[in-house]
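Colleague: Here you go, sequence then predicted model.
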Amino acid sequence: MRPMRILALTNLYPSPIQPHRASFNRHQFRLLAQQHAVRVIAPTLWLDEWNIQRKQGLRMPPGRQVQNDGLRVDHPRYWYTPKFMRGLYGHFFRESVRPAFRRAVAEFAPDIVFAPWAYPDGWAATELARSHGLPAVIQVHGSDLRQLDQFAGRLRGTRNALRQADGVIAVSTDLAQRAVELGAAAGSVRVIIDGVDKNVFHPGDRAAARQKLGMAQGQRHLLFVGNLVPVKGLDVLLQACARLPAADSDWHLHLVGDGSERRSLARLAESLGIANRVSFHGSIAHHGLPDWFRAADLLVLPSRSEGVPNVLLEASACHTPYVASAVGGIPEIAPMGASRLVAPEQVEALSDALLECLAHPPAQPSSGPRDRSEAASDAADFLVETFSRFK
(Lines give C-alpha, C1' and ligand atoms only; values in the text may rest on other atoms or scores of the structure.)
Protein backbone atom coordinates (compact mmCIF):
# COMPACT_ATOMS: atom_id res chain seq x y z
CA MET A 1 0.00 0.00 0.00
CA ARG A 2 1.21 3.51 -0.82
CA PRO A 3 1.94 5.88 2.04
CA MET A 4 -1.20 7.53 3.37
CA ARG A 5 -1.92 11.22 3.65
CA ILE A 6 -2.86 11.99 7.25
CA LEU A 7 -4.57 15.24 8.20
CA ALA A 8 -4.01 15.84 11.93
CA LEU A 9 -6.43 18.14 13.73
CA THR A 10 -5.81 19.20 17.33
CA ASN A 11 -5.38 22.31 19.46
CA LEU A 12 -2.72 20.39 21.43
CA TYR A 13 0.33 21.30 19.37
CA PRO A 14 3.12 23.91 19.60
CA SER A 15 2.64 27.29 17.96
CA PRO A 16 4.89 30.33 17.48
CA ILE A 17 3.36 31.90 20.61
CA GLN A 18 3.28 28.65 22.67
CA PRO A 19 6.39 26.77 21.50
CA HIS A 20 6.37 24.25 24.39
CA ARG A 21 2.71 23.28 24.11
CA ALA A 22 1.89 19.55 23.86
CA SER A 23 5.30 18.41 22.65
CA PHE A 24 4.05 14.79 22.71
CA ASN A 25 1.87 15.48 19.66
CA ARG A 26 4.67 17.28 17.88
CA HIS A 27 6.88 14.22 18.24
CA GLN A 28 4.08 11.83 17.34
CA PHE A 29 3.31 13.69 14.10
CA ARG A 30 7.02 13.96 13.28
CA LEU A 31 7.43 10.19 13.62
CA LEU A 32 4.25 9.46 11.66
CA ALA A 33 5.67 11.62 8.88
CA GLN A 34 8.61 9.22 8.55
CA GLN A 35 6.16 6.66 7.12
CA HIS A 36 3.31 8.79 5.75
CA ALA A 37 2.56 12.31 4.55
CA VAL A 38 1.23 14.48 7.38
CA ARG A 39 -0.35 17.91 7.42
CA VAL A 40 -1.47 19.61 10.64
CA ILE A 41 -4.31 21.95 11.57
CA ALA A 42 -3.63 23.25 15.08
CA PRO A 43 -6.03 26.02 16.11
CA THR A 44 -4.93 28.45 18.78
CA LEU A 45 -7.39 29.64 21.43
CA TRP A 46 -8.29 33.29 20.90
CA LEU A 47 -8.05 34.02 24.62
CA ASP A 48 -4.55 32.56 24.81
CA GLU A 49 -3.52 34.71 21.85
CA TRP A 50 -4.95 37.84 23.47
CA ASN A 51 -3.28 37.18 26.83
CA ILE A 52 0.09 36.30 25.29
CA GLN A 53 0.04 39.35 23.03
CA ARG A 54 -0.90 41.61 25.96
CA LYS A 55 1.68 40.19 28.39
CA GLN A 56 4.54 39.11 26.12
CA GLY A 57 4.00 41.04 22.90
CA LEU A 58 3.99 37.85 20.80
CA ARG A 59 1.78 37.51 17.73
CA MET A 60 0.96 34.78 15.28
CA PRO A 61 2.77 35.14 11.93
CA PRO A 62 1.00 36.60 8.88
CA GLY A 63 -1.09 33.95 7.19
CA ARG A 64 -1.08 31.87 10.40
CA GLN A 65 0.89 29.15 8.61
CA VAL A 66 4.30 27.68 9.56
CA GLN A 67 6.60 24.76 8.87
CA ASN A 68 7.37 22.61 11.92
CA ASP A 69 9.65 19.56 11.61
CA GLY A 70 9.11 19.80 7.87
CA LEU A 71 5.31 19.65 8.24
CA ARG A 72 2.85 22.26 6.99
CA VAL A 73 0.95 23.58 10.01
CA ASP A 74 -2.07 25.89 9.85
CA HIS A 75 -3.05 27.80 13.00
CA PRO A 76 -6.61 29.12 12.59
CA ARG A 77 -7.98 31.08 15.53
CA TYR A 78 -10.35 29.08 17.74
CA TRP A 79 -13.27 31.27 18.81
CA TYR A 80 -15.22 30.12 21.86
CA THR A 81 -17.03 31.40 24.96
CA PRO A 82 -14.66 30.97 27.95
CA LYS A 83 -16.00 28.83 30.81
CA PHE A 84 -19.60 28.65 29.65
CA MET A 85 -21.64 27.08 26.82
CA ARG A 86 -19.15 24.18 26.88
CA GLY A 87 -21.72 22.00 25.15
CA LEU A 88 -21.26 24.16 22.06
CA TYR A 89 -17.46 24.10 22.05
CA GLY A 90 -17.48 21.41 19.38
CA HIS A 91 -19.55 23.62 17.10
CA PHE A 92 -17.29 26.61 17.80
CA PHE A 93 -14.21 24.48 17.09
CA ARG A 94 -15.67 23.03 13.89
CA GLU A 95 -16.60 26.41 12.45
CA SER A 96 -13.27 27.95 13.49
CA VAL A 97 -11.28 25.34 11.59
CA ARG A 98 -13.68 24.68 8.71
CA PRO A 99 -11.95 27.02 6.18
CA ALA A 100 -8.52 25.53 6.95
CA PHE A 101 -9.99 22.01 6.75
CA ARG A 102 -11.56 22.69 3.34
CA ARG A 103 -8.29 24.15 2.09
CA ALA A 104 -6.35 21.11 3.33
CA VAL A 105 -8.77 18.71 1.64
CA ALA A 106 -8.42 20.60 -1.65
CA GLU A 107 -4.64 20.94 -1.52
CA PHE A 108 -3.53 17.85 0.39
CA ALA A 109 -6.25 15.29 -0.48
CA PRO A 110 -6.02 13.42 2.84
CA ASP A 111 -6.91 9.75 3.20
CA ILE A 112 -7.75 9.96 6.90
CA VAL A 113 -8.25 12.50 9.69
CA PHE A 114 -6.46 12.01 13.01
CA ALA A 115 -7.54 13.95 16.11
CA PRO A 116 -5.71 13.56 19.42
CA TRP A 117 -8.23 14.63 22.14
CA ALA A 118 -11.88 13.67 22.22
CA TYR A 119 -13.75 16.95 22.56
CA PRO A 120 -14.02 19.41 21.00
CA ASP A 121 -11.19 18.36 18.67
CA GLY A 122 -12.38 14.80 18.02
CA TRP A 123 -16.02 15.76 17.66
CA ALA A 124 -15.19 18.44 15.09
CA ALA A 125 -12.85 16.06 13.29
CA THR A 126 -15.50 13.36 12.91
CA GLU A 127 -18.08 15.91 11.72
CA LEU A 128 -15.76 17.47 9.15
CA ALA A 129 -14.34 14.13 8.02
CA ARG A 130 -17.81 12.69 7.46
CA SER A 131 -18.86 15.75 5.43
CA HIS A 132 -15.92 15.07 3.09
CA GLY A 133 -16.31 11.29 2.96
CA LEU A 134 -13.19 10.61 5.04
CA PRO A 135 -12.56 8.24 7.98
CA ALA A 136 -11.54 9.72 11.32
CA VAL A 137 -9.50 8.34 14.21
CA ILE A 138 -9.54 9.90 17.68
CA GLN A 139 -6.79 9.45 20.24
CA VAL A 140 -7.84 9.75 23.90
CA HIS A 141 -5.30 10.79 26.50
CA GLY A 142 -6.92 10.85 29.93
CA SER A 143 -8.58 14.02 31.12
CA ASP A 144 -10.66 14.19 27.95
CA LEU A 145 -12.55 11.11 29.21
CA ARG A 146 -11.82 11.16 32.94
CA GLN A 147 -13.00 14.68 33.83
CA LEU A 148 -16.38 14.73 32.17
CA ASP A 149 -18.12 14.94 35.54
CA GLN A 150 -16.47 18.33 36.08
CA PHE A 151 -17.61 19.67 32.71
CA ALA A 152 -21.02 18.16 32.03
CA GLY A 153 -21.39 20.18 28.84
CA ARG A 154 -18.67 18.08 27.23
CA LEU A 155 -20.32 14.71 27.89
CA ARG A 156 -22.74 14.62 24.95
CA GLY A 157 -20.11 15.80 22.47
CA THR A 158 -17.58 13.27 23.77
CA ARG A 159 -20.07 10.41 23.47
CA ASN A 160 -21.00 11.44 19.94
CA ALA A 161 -17.36 11.77 18.91
CA LEU A 162 -16.51 8.28 20.16
CA ARG A 163 -19.59 6.75 18.49
CA GLN A 164 -18.86 8.47 15.17
CA ALA A 165 -15.13 7.74 15.09
CA ASP A 166 -13.97 5.00 12.74
CA GLY A 167 -11.18 4.19 15.17
CA VAL A 168 -10.07 5.15 18.67
CA ILE A 169 -6.53 4.98 20.04
CA ALA A 170 -6.35 4.81 23.84
CA VAL A 171 -3.08 5.35 25.67
CA SER A 172 -4.01 2.79 28.36
CA THR A 173 -6.30 -0.18 28.92
CA ASP A 174 -8.08 1.88 31.56
CA LEU A 175 -8.94 4.55 28.99
CA ALA A 176 -9.91 1.99 26.37
CA GLN A 177 -12.50 0.57 28.75
CA ARG A 178 -13.78 4.05 29.49
CA ALA A 179 -14.07 4.83 25.78
CA VAL A 180 -16.21 1.74 25.23
CA GLU A 181 -18.38 2.66 28.22
CA LEU A 182 -18.97 6.05 26.61
CA GLY A 183 -20.03 4.57 23.28
CA ALA A 184 -16.99 3.61 21.21
CA ALA A 185 -17.35 0.31 19.36
CA ALA A 186 -15.14 -2.20 21.19
CA GLY A 187 -13.71 -3.53 17.93
CA SER A 188 -12.59 -0.06 16.85
CA VAL A 189 -10.49 0.68 19.96
CA ARG A 190 -6.75 0.00 20.08
CA VAL A 191 -4.52 0.39 23.15
CA ILE A 192 -1.17 1.96 22.25
CA ILE A 193 0.99 2.93 25.22
CA ASP A 194 3.43 5.67 24.31
CA GLY A 195 7.21 5.42 24.43
CA VAL A 196 10.08 7.87 24.84
CA ASP A 197 12.86 9.19 22.65
CA LYS A 198 15.72 7.15 24.07
CA ASN A 199 18.26 9.27 22.24
CA VAL A 200 17.18 12.14 24.48
CA PHE A 201 15.88 10.49 27.66
CA HIS A 202 18.47 8.16 29.17
CA PRO A 203 20.47 7.90 32.40
CA GLY A 204 23.23 10.43 33.02
CA ASP A 205 25.51 11.89 35.65
CA ARG A 206 23.51 13.43 38.50
CA ALA A 207 26.27 15.73 39.74
CA ALA A 208 26.85 17.09 36.23
CA ALA A 209 23.14 17.73 35.72
CA ARG A 210 22.91 19.54 39.06
CA GLN A 211 25.91 21.69 38.25
CA LYS A 212 24.39 22.60 34.88
CA LEU A 213 21.07 23.59 36.47
CA GLY A 214 22.61 25.36 39.46
CA MET A 215 21.23 22.90 42.03
CA ALA A 216 22.96 22.36 45.38
CA GLN A 217 24.89 19.09 45.31
CA GLY A 218 24.28 18.21 48.96
CA GLN A 219 20.53 18.74 48.93
CA ARG A 220 17.79 16.29 48.05
CA HIS A 221 15.73 17.52 45.14
CA LEU A 222 12.07 16.76 44.50
CA LEU A 223 10.75 17.48 41.02
CA PHE A 224 7.36 18.03 39.43
CA VAL A 225 7.02 18.48 35.66
CA GLY A 226 3.67 19.43 34.12
CA ASN A 227 0.94 22.02 33.96
CA LEU A 228 0.19 23.91 37.16
CA VAL A 229 -3.52 23.14 37.11
CA PRO A 230 -5.90 21.71 39.75
CA VAL A 231 -6.01 18.17 38.33
CA LYS A 232 -2.28 17.75 39.00
CA GLY A 233 -2.81 17.85 42.77
CA LEU A 234 0.00 20.27 43.56
CA ASP A 235 -1.85 21.61 46.58
CA VAL A 236 -1.62 18.08 48.01
CA LEU A 237 2.09 17.94 47.18
CA LEU A 238 2.85 21.21 48.97
CA GLN A 239 0.93 20.08 52.05
CA ALA A 240 2.77 16.74 51.98
CA CYS A 241 6.13 18.49 51.76
CA ALA A 242 5.21 20.71 54.72
CA ARG A 243 4.80 17.53 56.80
CA LEU A 244 8.34 16.30 56.19
CA PRO A 245 10.17 16.17 59.56
CA ALA A 246 12.35 19.09 60.54
CA ALA A 247 15.37 16.79 60.59
CA ASP A 248 14.78 16.16 56.91
CA SER A 249 14.73 19.81 55.95
CA ASP A 250 17.52 19.46 53.38
CA TRP A 251 14.98 19.04 50.55
CA HIS A 252 13.97 21.42 47.80
CA LEU A 253 10.94 21.16 45.51
CA HIS A 254 11.25 22.23 41.88
CA LEU A 255 8.07 22.91 39.91
CA VAL A 256 8.73 22.86 36.15
CA GLY A 257 5.78 24.09 34.13
CA ASP A 258 3.24 26.85 34.17
CA GLY A 259 -0.50 27.26 34.49
CA SER A 260 -3.48 28.87 36.13
CA GLU A 261 -2.55 27.73 39.66
CA ARG A 262 0.92 29.27 39.84
CA ARG A 263 0.00 32.26 41.99
CA SER A 264 -2.27 30.31 44.34
CA LEU A 265 0.41 27.64 44.78
CA ALA A 266 2.99 30.29 45.62
CA ARG A 267 0.61 31.70 48.23
CA LEU A 268 0.00 28.21 49.63
CA ALA A 269 3.74 27.53 49.91
CA GLU A 270 4.11 30.84 51.78
CA SER A 271 1.28 30.03 54.19
CA LEU A 272 2.77 26.58 54.86
CA GLY A 273 6.14 28.11 55.68
CA ILE A 274 8.00 26.33 52.87
CA ALA A 275 8.26 29.09 50.26
CA ASN A 276 12.06 29.14 50.64
CA ARG A 277 12.17 25.45 49.65
CA VAL A 278 9.91 25.70 46.57
CA SER A 279 11.10 27.05 43.21
CA PHE A 280 8.85 27.83 40.24
CA HIS A 281 10.88 27.44 37.06
CA GLY A 282 8.19 28.00 34.43
CA SER A 283 7.97 26.06 31.19
CA ILE A 284 11.09 24.31 29.96
CA ALA A 285 11.67 23.14 26.38
CA HIS A 286 11.11 19.42 26.04
CA HIS A 287 14.71 18.74 25.01
CA GLY A 288 15.86 20.41 28.24
CA LEU A 289 13.94 18.07 30.55
CA PRO A 290 16.42 15.15 30.72
CA ASP A 291 18.85 17.16 32.88
CA TRP A 292 16.03 17.91 35.32
CA PHE A 293 15.18 14.22 35.63
CA ARG A 294 18.84 13.27 36.09
CA ALA A 295 19.36 15.96 38.72
CA ALA A 296 16.35 14.97 40.82
CA ASP A 297 16.31 12.45 43.63
CA LEU A 298 12.61 11.89 43.11
CA LEU A 299 9.91 12.90 40.64
CA VAL A 300 6.45 13.43 42.13
CA LEU A 301 3.14 13.35 40.24
CA PRO A 302 0.25 13.66 42.74
CA SER A 303 -2.49 13.91 40.10
CA ARG A 304 -6.19 13.52 40.74
CA SER A 305 -6.68 12.11 37.23
CA GLU A 306 -4.33 10.97 34.46
CA GLY A 307 -4.09 8.91 31.31
CA VAL A 308 -0.53 7.66 30.82
CA PRO A 309 1.73 10.60 31.70
CA ASN A 310 4.70 10.92 29.39
CA VAL A 311 6.61 12.54 32.22
CA LEU A 312 6.65 9.21 34.11
CA LEU A 313 7.86 7.31 31.06
CA GLU A 314 10.60 9.90 30.50
CA ALA A 315 11.66 9.82 34.13
CA SER A 316 11.78 6.02 33.99
CA ALA A 317 14.01 6.16 30.91
CA CYS A 318 16.37 8.44 32.88
CA HIS A 319 16.31 6.03 35.86
CA THR A 320 14.70 8.70 38.05
CA PRO A 321 12.53 7.14 40.80
CA TYR A 322 9.03 8.54 41.19
CA VAL A 323 6.07 8.71 43.53
CA ALA A 324 2.73 9.07 41.75
CA SER A 325 -0.99 8.73 42.31
CA ALA A 326 -2.49 5.36 41.48
CA VAL A 327 -4.97 6.79 38.98
CA GLY A 328 -5.83 6.18 35.33
CA GLY A 329 -3.18 4.28 33.40
CA ILE A 330 -0.36 4.95 35.86
CA PRO A 331 -0.54 1.46 37.46
CA GLU A 332 -0.09 -0.01 33.96
CA ILE A 333 3.27 1.71 33.43
CA ALA A 334 4.54 1.61 37.03
CA PRO A 335 6.49 -1.65 36.44
CA MET A 336 8.55 0.18 33.77
CA GLY A 337 10.17 2.48 36.36
CA ALA A 338 11.40 2.72 39.93
CA SER A 339 7.98 3.64 41.24
CA ARG A 340 5.89 4.01 44.37
CA LEU A 341 2.14 4.60 43.98
CA VAL A 342 -0.18 6.19 46.52
CA ALA A 343 -3.89 6.98 46.62
CA PRO A 344 -4.74 10.45 45.28
CA GLU A 345 -5.47 13.38 47.60
CA GLN A 346 -3.95 11.67 50.65
CA VAL A 347 -1.55 14.20 52.15
CA GLU A 348 -0.21 11.98 54.92
CA ALA A 349 0.28 8.96 52.65
CA LEU A 350 2.09 11.08 50.06
CA SER A 351 4.34 12.63 52.70
CA ASP A 352 5.21 9.20 54.10
CA ALA A 353 5.99 7.91 50.60
CA LEU A 354 8.27 10.88 49.89
CA LEU A 355 10.17 10.37 53.10
CA GLU A 356 10.56 6.63 52.55
CA CYS A 357 11.60 6.93 48.91
CA LEU A 358 14.14 9.64 49.64
CA ALA A 359 15.69 7.35 52.23
CA HIS A 360 15.29 4.13 50.24
CA PRO A 361 14.64 4.71 46.53
CA PRO A 362 12.57 2.03 44.75
CA ALA A 363 14.57 -0.54 42.79
CA GLN A 364 15.08 -0.07 39.08
CA PRO A 365 13.21 -2.64 36.94
CA SER A 366 15.01 -4.89 34.49
CA SER A 367 13.44 -3.10 31.51
CA GLY A 368 11.95 0.34 31.01
CA PRO A 369 9.67 2.07 28.52
CA ARG A 370 9.94 1.35 24.82
CA ASP A 371 11.16 3.82 22.22
CA ARG A 372 8.63 6.35 21.01
CA SER A 373 9.20 5.32 17.40
CA GLU A 374 7.68 1.92 18.18
CA ALA A 375 4.51 3.53 19.53
CA ALA A 376 4.29 5.81 16.48
CA SER A 377 4.69 2.78 14.21
CA ASP A 378 1.81 1.06 16.01
CA ALA A 379 -0.33 4.17 15.60
CA ALA A 380 0.52 4.33 11.90
CA ASP A 381 -0.44 0.67 11.47
CA PHE A 382 -3.79 1.31 13.17
CA LEU A 383 -4.48 4.31 10.93
CA VAL A 384 -3.76 2.13 7.89
CA GLU A 385 -6.05 -0.61 9.22
CA THR A 386 -8.84 1.89 9.84
CA PHE A 387 -8.48 3.37 6.38
CA SER A 388 -8.58 -0.12 4.85
CA ARG A 389 -11.78 -0.97 6.73
CA PHE A 390 -13.35 2.32 5.69
CA LYS A 391 -12.72 1.67 1.99
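Modeller: In hand now; what should we look at? Just so it is clear, the structure is predicted and the values come from calculations on it, not from any experiment.

Colleague: Where does the prediction get shaky in the stretch 251-391 of the chain?
Modeller: Applying pLDDT under 70 to the stretch 251-391 of the chain picks out no residues at all.

Colleague: roughly how far apart are the nearest residue to R210 once chain neighbours are set aside and N25?
Modeller: Excluding its sequence neighbours, the residue lying closest to R210 (CB to CB, 6 or more residues apart in numbering) is A295, at 4.6 Å. Backbone N, C-alpha and C define where each C-beta goes, glycine included. Using CB to CB, to the nearest Å, one gets 27 Å for the distance from A295 to N25.

Colleague: Can you pick out the residue with more neighbours from the two?
Modeller: A295 (25 against 21; other CB atoms under 10 Å).

Colleague: my guess is the more buried one contacts A216, does it?
Modeller: No. Counting by CB atoms under 8 Å, A295 sits too far from A216 to count as a contact (10.4 Å).

Colleague: Q65 is in contact with H75, isn't it?
Modeller: Yes. Counting by CB under 8 Å, H75 is a contact partner of Q65 at 7.1 Å.

Colleague: So for the two, which residue has more residues nearby?
Modeller: Taking other CB under 10 Å, Q65 and H75 do not tie; H75 has more neighbours (25 against 14).

Colleague: For the residue lying closest to C318 once chain neighbours are set aside, grab phi and psi.
Modeller: Setting aside the residues directly before and after it, C318 is nearest to F293 in space (CB to CB, 6+ apart), at 3.9 Å. Note on F293: its backbone torsions stand at phi -60, psi -40 [degrees, to the nearest 10].

Colleague: so how far is A22 from F293?
Modeller: From F293 over to A22 the distance is 19 Å, taken as CB to CB.

Colleague: Can you pull out the residues in contact with stretch 379-386?
Modeller: Residues from elsewhere that reach stretch 379-386 (CB atoms under 8 Å, 6 or more residues apart in numbering): 1, 4, 6, 28, 32, 35-36, 112, 114, 135, 137, 139, 166-167, 169, 188, 190, 192.

Colleague: switch the cut-off to 7 Å
Modeller: Stretch 379-386 has contacts (CB atoms under 7 Å, 6 or more residues apart in numbering) with 1, 4, 6, 28, 32, 35-36, 112, 114, 135, 137, 166-167, 169, 190, 192.

Colleague: for stretch 36-44, same thing?
Modeller: 3-11, 13, 15, 17, 29, 32, 60, 71-78, 96-97, 100-101, 104, 108, 380.

Colleague: picking up where we left off before, so which of the contacts of stretch 379-386 is the most crowded?
Modeller: Neighbour max across these (other CB under 10 Å) = F114, 31 neighbours.

Colleague: what pairs with the helix or strand where that residue lies, and is each one parallel or antiparallel?
Modeller: Per DSSP states H and E: F114 is located in strand 112-116. Using DSSP bridges, strand 112-116 pairs in its sheet with strand 5-9 (parallel), strand 136-140 (parallel).

Colleague: Please compute how far that strand lies from its chain's middle.
Modeller: 17 Å (CA atoms, centre = their mean, to the nearest Å).

Colleague: who are the neighbours of the next helix or strand after that strand, in terms of helices and strands?
Modeller: Next along the chain after strand 112-116, taking DSSP H and E as the criterion, comes helix 123-131. Here helix 123-131 touches helix 89-108, strand 112-116, strand 136-140, helix 155-164, going by 3 or more CB pairs under 7 Å, 6 or more residues apart in numbering; DSSP states H and E.

Colleague: Please name whichever of the ones you listed is nearest to G233.
Modeller: strand 136-140 (21.0 Å; CB to CB).

Colleague: what does that closest one contact?
Modeller: By CB under 7 Å, 6+ apart, strand 136-140 touches 112-116, 118, 122, 125-126, 129, 161-162, 165-170, 175, 179, 383, 386.

Colleague: Of all the residues in it, which ones are buried?
Modeller: Across strand 136-140, burial judged by 16 or more other CB atoms under 10 Å covers 136-140.

Colleague: And stretch 158-178, by the same measure?
Modeller: 158-162, 164-172, 174-178.

Colleague: which residues are contacting the helix or strand harbouring H281?
Modeller: Using DSSP H and E, H281 falls within strand 278-282. Contacts with strand 278-282, where a contact means CB under 7 Å, 6+ apart, come from 252-256, 258, 262, 266, 269.

Colleague: ok so, going back, turn the strands paired with strand 112-116 into JSON lines, columns for mean pLDDT.
Modeller: JSON lines is the format used below for the strands paired with strand 112-116 (pLDDT from 0 to 100):
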{"stretch": "strand 5-9", "mean pLDDT": "98"}
{"stretch": "strand 136-140", "mean pLDDT": "97"}
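
Colleague: for these, which one sits closest to C241?
Modeller: Closest to C241 of the strands paired with strand 112-116, according to CB to CB: strand 136-140, at 32.3 Å.

Colleague: Tell me the first helix or strand C-terminal of that closest one.
Modeller: Past strand 136-140, the next helix or strand by DSSP H and E is helix 143-146.

Colleague: what does that following helix rub up against?
Modeller: Looking at helix 143-146 with CB under 7 Å, 6+ apart, the contacting residues turn out to be 117-119, 158, 175, 178-179, 182, 231, 305, 328.

Colleague: Same check on stretch 360-367?
Modeller: 319, 321, 335-340.
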